[in-house]
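Asks: Build the 3D model from these lines:
(chains A, B, C and D)
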2 protein chains.
Amino acid sequence: MYHYDYPHPAVTADVVIFTIRDGQLKLLLIRRAAKPYRGKWALPGGFVQIDEALEEAARRELEEETGVTGVYLEQLYTFGDPGRDPRERVITVAYYALIPSEKLQLRAATDAEAVGWFALNDLPELAFDHAKIVEKAHQRLVAKLDYSTLAFAFLPKRFTLTDVQQVYEIIRQEAIDKRNFRKWILALDQIEETEEERRDGQHRPARLYRVKHPGMVAIIK
Amino acid sequence: MYHYDYPHPAVTADVVIFTIRDGQLKLLLIRRAAKPYRGKWALPGGFVQIDEALEEAARRELEEETGVTGVYLEQLYTFGDPGRDPRERVITVAYYALIPSEKLQLRAATDAEAVGWFALNDLPELAFDHAKIVEKAHQRLVAKLDYSTLAFAFLPKRFTLTDVQQVYEIIRQEAIDKRNFRKWILALDQIEETEEERRDGQHRPARLYRVKHPGMVAIIK
DNA sequence: TTGACATGGTGTATGTTTAACACTATCGTT
DNA sequence: AACGATAGTGTTAAACATACACCATGTCAA
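Replies: Modelled structure (predicted):
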């Protein structure tokens, strides 16, 4: 039992986990087994431990649900309206993470919870104010695509220029001219050719590229 | 006395209050009268009440220290490293506010605390991790100047084009070409001429402008 | 009254960036 | 050897950004 002279809110870390799969931007949701909003889908998240940094808590949740480590994770926004959780005052520090599709192999859910990837334009009804959180994460992602090298966080170590272009097209939801895109992405000076190429299907093999500074997200022009 | 089954952190809202004064970007600090970091300067802030929204808490702190209402206020980031406050685990949701210099008339400090405006490049040593918070707020302000109409939040209802230019120059810390600036700022289509002009000093009077959508911060190109 | 001072206000020319657009290359398969 | 499929490449025009200098209009003092 812990006691305080004045009331304290609970603080949780929730994570919007994005990946690109089947040509769509998707995010991870968990079906709630417990009391409020039982049966509804919600963002992965949990209480911040009393001696745990906020980002640490977010990474812990991320790893518990996906098994992945070392991916891009950024604080998004803090949601704390009174009444957003019917049990007690809960303030949630929301994060968003970007996972390259290669790393995906959903860990077997611990508590027999249902876990699933949902396309952004086909989300189920969400628990709490999680729809608001998802919307904000999506806005941030789209905005940051324009002025940073965030997109590379969705790609494996080696990738083709077409792979990169598809990431941009899927997130922006619009077609991009191939020649202009290649000129632009190479001019950023953030990726470089490798000696390898990828051959698949009955067509000319594609040159593979790698990012020059893996793990870094640079701010561009 | 309030009881919980597991430990809860305290949550505060701190505000970085910016204004432009004497040709400098300045922010408001309070000299701590109480125990940890006594005598050091700190950001205005305080505990989020249990039934109070986060932004509400930030506005309350802002008004308590400056007396101003209705100014630009935006959530900045949440800082929650364990140990950032020696007393207990304190998570702070930081906001930043922009105040037009006209509105300034520092309210007489309630607890005989010392309150003061400091230029960003001449800050005293700060309590807690407030230097980190200030740095992040400054970065956000500089960045947002480029892609939003934030700058108008520093200006009074009526202002000259030179006034606007000075806001940009002071925040960016660089001179801007007058003709190019005027073409650019007018092309944004966010301000309009009034019939009034301002006469001061022995020179041609300047035309006064107003923002078309007061209180709105637009995202630009 | 006129000249000096101080800030307000304006346009053009050049370089840079972005946008539109279509064909050849290379591989695998039949 | 021809076909299907994706890889890869350059030029032109339009829009935008940058550099740059002088006249306008008020006040004040001689």
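Asks: In chain A, what residue lies closest to chain B?
Replies: residue A:8 (3.7 Å; Cβ to the nearest Cβ). Glycine gets a C-beta too; all of them are placed from N, C-alpha and C.
Asks: That residue contacts residue B:4, correct?
Replies: Yes: with contact defined as Cβ atoms under 8 Å, residue A:8 reaches residue B:4; the gap is 7.1 Å.
Asks: In terms of neighbours, single out the busier of those two.
Replies: Set residue A:8 next to residue B:4 and count neighbours by other Cβ atoms under 10 Å in any protein chain shown: residue A:8 wins out with 23 against 14.
Asks: Need the pLDDT of that one.
Replies: At residue A:8, the pLDDT value in this model is 98.
Asks: what residues are up against the closest residue to it other than its chain neighbours?
Replies: Leaving aside its sequence neighbours, residue A:8 sits nearest to residue B:8 (Cβ to Cβ, 6 or more residues apart in numbering or on different chains; 3.7 Å). Listed by Cβ atoms under 8 Å, 6 or more residues apart in numbering or on different chains, the contact partners of residue B:8 are A:2, A:4, A:8, A:9, A:10, A:11, A:50.
Asks: from the residues you listed, which ones fall inside strands?
Replies: A:2, A:4, A:10, A:11 (DSSP state E).
Asks: Could you measure from the last one over to residue A:89?
Replies: The one in question is residue A:11. As judged by Cβ to Cβ, to the nearest Å, residue A:11 and residue A:89 stand 10 Å apart.
Asks: Between the two, point out the one with more neighbours.
Replies: When residue A:11 and residue A:89 are compared for neighbours, residue A:11 comes out ahead with 26 against 22, by other Cβ under 10 Å.
Asks: my read: that one touches residue A:94, true?
Replies: No: using Cβ under 8 Å, residue A:11 makes no contact with residue A:94, being 11.6 Å away.
Asks: Find residues that contact each of those two.
Replies: Common neighbours of residue A:11 and residue A:94 (Cβ under 8 Å, 6+ apart) do not exist.
Asks: Now the lengthiest helix in chain A: average pLDDT?
Replies: Scanning chain A for the longest helix, with DSSP state H as the assignment, gives helix A:130-147. Mean pLDDT, helix A:130-147: 98.
Asks: For stretch A:114-123, list every residue counted as buried.
Replies: Neighbour-count burial for stretch A:114-123 flags A:115, A:117, A:118, A:120 (criterion: 16 or more other Cβ atoms under 10 Å in any protein chain shown).
Asks: Dump the residues you listed to JSON lines, plus distance to DNA strand D, secondary structure and pLDDT.
Replies: Output for these, formatted as JSON lines (distance: Cβ to the nearest atom of the strand, whole Å; DSSP: H, G, I helix; E, B strand; the rest coil; pLDDT from 0 to 100):
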{"residue": "A:115", "distance to DNA strand D": "31", "secondary structure": "strand", "pLDDT": "91"}
{"residue": "A:117", "distance to DNA strand D": "24", "secondary structure": "strand", "pLDDT": "94"}
{"residue": "A:118", "distance to DNA strand D": "26", "secondary structure": "strand", "pLDDT": "97"}
{"residue": "A:120", "distance to DNA strand D": "24", "secondary structure": "helix", "pLDDT": "97"}
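Asks: Same list (the residues you listed) but as a markdown table, adding distance to chain B.
Replies: Shown next, in a markdown table, are those (distance: Cβ to the nearest Cβ, whole Å):
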| residue | distance to chain B |
| --- | --- |
| A:115 | 25 |
| A:117 | 27 |
| A:118 | 26 |
| A:120 | 21 |
